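Q: Model the structure of this input:
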Amino acid sequence: MFNSIIAGVGHYVPDRIVKNEDLESIMETSNEWIVERTGILERRHIVPGGEDTTSRMGTKAARIAIEKAGLQPDDIDFIVFATLSPDYYFPGPGVLVQEQLGLKAEIGALDVRNQCSGFIYALSVADQFIKTGMYKNVLVIGSEVHSGGLDMTTRGRGVSVIFGDGAGAVVMSATDDNSKGVLSSHLHSEGKNAEELSLVSPSTTDWVPNFIERNNPDDTRYYPYMNGNFVFKNAVVRFQQVIMEALLHNGYKPEDIDMLIPHQANLRISQFIQKQMNLPDQNVYNNIQKYGNTTAASIPIALSEAVTEGKIKEGDLVCLAAFGSGFTWAAALIRW
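A: Take a look at the predicted model:
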């Protein structure tokens, strides 16, 4: 049986920087209020009407990852795309990437909708395809455009100040070297809390004619809802549980982790997990300060930056972990 390694990483973020101070002019908030609660200093937003979309940003990140893997686009056998903010209601962005990369082969593409945990779920799917021998090189993308769907008023500040746009990608390739690669992935869900972090409309039971009929500017169903304190309390528990599950499954302890890359949901969550697991600063990578929460893109963006900055080296034990809407949570343990 083959192992799967991450052969190349890449990321792309829009040029437009939105600082906390910029938000002060459109809603009742402050830099101090945002930093205290989230650790975020700025985030990236696409330019409305510009060229960046969820799929196009994913393609830009993918081209970098493919080049760093030493491959050509036509070497890719399959695409897995994680997002909650696709270009279209359907089809999904995976097929759009197949076209945007100019691939000669009509390779398969699928989409994963697991929000903040989406990238690890997508990585796990790719890992299984490779381990069974079905595919040799799988492109895994996490990309999000949140900015167009946020309530950028005081009413929505509890959510809107957190999220940013961006994309990250990895190329996963087959190897017969059993000493490295994805050791295991661990996936969980708890649907009873689905509405605690959700966007419930539009839906197939509440479609455009209903919007027109209601014509209610105070209707918030079209914006993301988050029960912040409840989500935070669950996140700090589930993060630690799934990281420990991955470690114990492979015979490791927290002190064996060379680099933990948590989903960039909130700097306070990451700091809490770091403290609970007694990990030194150099063994945890955070970049939410400059990008905000980019949901399915946050882990591949952080992974790409960590690798590019030389903070992950061959032989390192790397743990990816996430918690988010669903609730879903997941972890993957990788020997680099």
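
Q: which element follows the one helix or strand N229 maps to toward the C-terminus?
A: Under the criterion of DSSP states H and E, N229 resides in helix 228-249. Where DSSP H and E defines the elements, the next helix or strand beyond helix 228-249 is strand 259-262.

Q: Give me the mean pLDDT for the helix holding N229.
A: Regarding helix 228-249, the rounded mean pLDDT is 97.

Q: Can you give the contact residues for that helix?
A: If you take CB atoms under 8 Å, 6 or more residues apart in numbering as the criterion, helix 228-249 is touched by 158, 183-186, 188, 193, 196-197, 253-254, 256-257, 260, 262, 265-266, 268-269, 272-273, 276-277, 319, 321, 323, 327, 329-333. For the C-beta atoms, the positions are set from N, CA and C on the backbone; glycine is no exception.

Q: Quick check: closest non-adjacent residue to L320.
A: Residue nearest to L320 in three dimensions, not counting chain neighbours: A332, with 4.7 Å by CB to CB, 6 or more residues apart in numbering.

Q: On the three-state scheme, that neighbour is what?
A: The three-state assignment at A332 reads strand, by DSSP: H, G, I helix; E, B strand; the rest coil.

Q: Around it, how many other residues sit close by?
A: A332: 26 surrounding residues under other CB atoms under 10 Å.

Q: Kindly provide the distance from it to P91.
A: 27 Å (CB to CB, to the nearest Å).

Q: Check N293 too.
A: Distance of N293 to P91, given as CB to CB: 26 Å.

Q: Could you check which of these two has the larger neighbour count?
A: Per other CB under 10 Å, whichever of N293 and P91 has more neighbours is N293, with 23 against 12.

Q: isn't the more buried one right up against I269?
A: No. Checked against CB atoms under 8 Å, the pair N293 and I269 is beyond contact range at 10.3 Å.

Q: who touches the helix or strand of the chain with the lowest mean pLDDT?
A: Every helix and strand in the chain was compared by mean pLDDT, DSSP states H and E; the lowest is helix 208-214, with a mean of 83. Residues from elsewhere that reach helix 208-214 (CB under 8 Å, 6+ apart): P202, D219, Y222.

Q: Which residues does the very next helix or strand once past it contact?
A: In the C-terminal direction, the helix or strand that comes right after helix 208-214 (DSSP H and E) is strand 225-226. Strand 225-226 is contacted from outside by G158, V159, E195, E196, L197, S198, L199, V200, using CB under 8 Å, 6+ apart.

Q: burial count for F90?
A: A count of neighbours around F90, defined by other CB under 10 Å, yields 8.

Q: Equivalent analysis for Y88, please.
A: When neighbours are counted by other CB under 10 Å, Y88 registers 11.

Q: which ones are touching V200?
A: By CB under 8 Å, 6+ apart, the residues touching V200 are D206, R221, Y225.

Q: With neighbour count and distance to L96 as added columns, please give those residues in TSV.
A: TSV is the format used below for the contacts of V200 (neighbours: other CB atoms under 10 Å; distance: CB to CB, whole Å):
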residue	neighbour count	distance to L96
D206	14	26
R221	16	28
Y225	16	28
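
Q: from those residues, which is closest to D75?
A: Among these, Y225 lies closest to D75 (CB to CB), at 42.0 Å.

Q: Please enumerate the strands of the stretch 51-200 of the chain.
A: Secondary structure of the stretch 51-200 of the chain (DSSP state E, counting those that start in this stretch): strands located at 78-82, 108-112, 137-144, 166-175, 181-189, 197-198.

Q: Tell me which of the ones you listed sits most buried.
A: Neighbour counts (mean count of other CB atoms under 10 Å) averaged over each of the strands of the stretch 51-200 of the chain peak at strand 137-144, with a mean of 30.
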